[in-house]
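# got a predicted structure here, sequence first:
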2 protein chains.
Amino acid sequence: MIAKTPKAPYYAVIFTNIRTEIEEGYAETAQEMVRLAEAQEGYLGHESVREGLGITVSYWSNREAILAWKQQTDHLLAQKMGREKWYESYKTRICLVERDYEFCV
Amino acid sequence: MIAKTPKAPYYAVIFTNIRTEIEEGYAETAQEMVRLAEAQEGYLGHESVREGLGITVSYWSNREAILAWKQQTDHLLAQKMGREKWYESYKTRICLVERDYEFCV
């Protein structure tokens, strides 16, 4: 569940969001977007949690891969529907992961 | 609940984690760490969600502020206790936020 990412540097997109109460089409579209993102060049993994507030972090090889995903046709439509129906508010942050470290029992 | 951060660039620390079943001392320490982090120079805000997997993202003015917080005495002890008791595994990613954008209804 913790994304297995390669040695830094790589990129992260932090998508923090608050949903509306509209469920129609949301789960199916979210699932389809994961499927499509995984098929994009440069996709490295993602982590997603919701507890009222939602945080989804996706990891990418480089900035170009993030831009290509942002402009992918089905994703553009999903973003539009997101603003019109599913999200009350969101913030997207494009980040260069400079270092990382981990711990396992 | 979505952190109000200043104009990019700034830094983010993505802390993705899986807890053990040990609750003893966890909530109190987590709360105290938030209080102490907020008092650190360069702290800009944080977002935290758990749904099995936990994701906490904290935002900072610069790398030096992150390093100072990592080495803060009470936080060092909490990190040690975290590895010994509260976390099954975690990954910490230090990121430069290059761009961000937001949406509000």
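Done, it's in. The structure presented is a predicted model; accordingly, all values stated were derived computationally and were not measured. Numbering: from 1, shown residues only, chains lettered A, B, ... in the order given.
# what are the phi and psi values for residue A:67?
phi -60, psi -40 (degrees, to the nearest 10).
# who's in contact with it?
Residue A:67 makes contact with no residue, according to CB atoms under 8 Å, 6 or more residues apart in numbering or on different chains. Bear in mind the C-beta positions are built from the backbone N, C-alpha and C, glycine included.
# read off the pLDDT value for it.
For residue A:67, the model assigns a pLDDT of 98.
# strands paired with the top strand by length along chain A, and their directions?
Assignment by DSSP state E gives strand A:87-104 as the longest strand of chain A. When sheet partners are counted by DSSP bridges, strand A:87-104 sits next to strand A:10-19 (antiparallel), strand B:87-104 (antiparallel).
# what residue in chain A comes nearest to chain B?
For chain A and chain B, the shortest gap (CB to the nearest CB) falls at residue A:95, measuring 3.7 Å.
# residue contacts, that residue?
A:11-14, B:12, B:95-98.
# for residue A:89, state which of these is nearest.
Nearest to residue A:89 out of those is residue A:14 (CB to CB; 14.4 Å).
# hang on, the closest one packs against residue A:60?
No: counting by CB atoms under 8 Å, residue A:14 stays clear of residue A:60, with 11.9 Å between them.
# sorry, back to before: show the pLDDT at the residue of chain A closest to chain B.
pLDDT, residue A:95: 98.
# could you give the bridge partners of it?
Going by DSSP bridges, residue A:95 forms beta bridges with residue A:12, residue B:97.
# state the distance from it to residue A:41.
19 Å (CB to CB, to the nearest Å).
# secondary structure class for the residue nearest in space to the middle of chain A?
Nearest residue to the geometric centre of chain A (CA atoms, centre = their mean): residue A:58, 4.3 Å. Three-state call for residue A:58 (DSSP: H, G, I helix; E, B strand; the rest coil): strand.
# now do the contacts for it.
Taking CB under 8 Å, 6+ apart, one finds A:12-13, A:15, A:37, A:43, A:45-46 in contact with residue A:58.
# what residues are bridge-paired with it?
What pairs with residue A:58, by the bridge criterion (DSSP bridges), is residue A:13, residue A:46.
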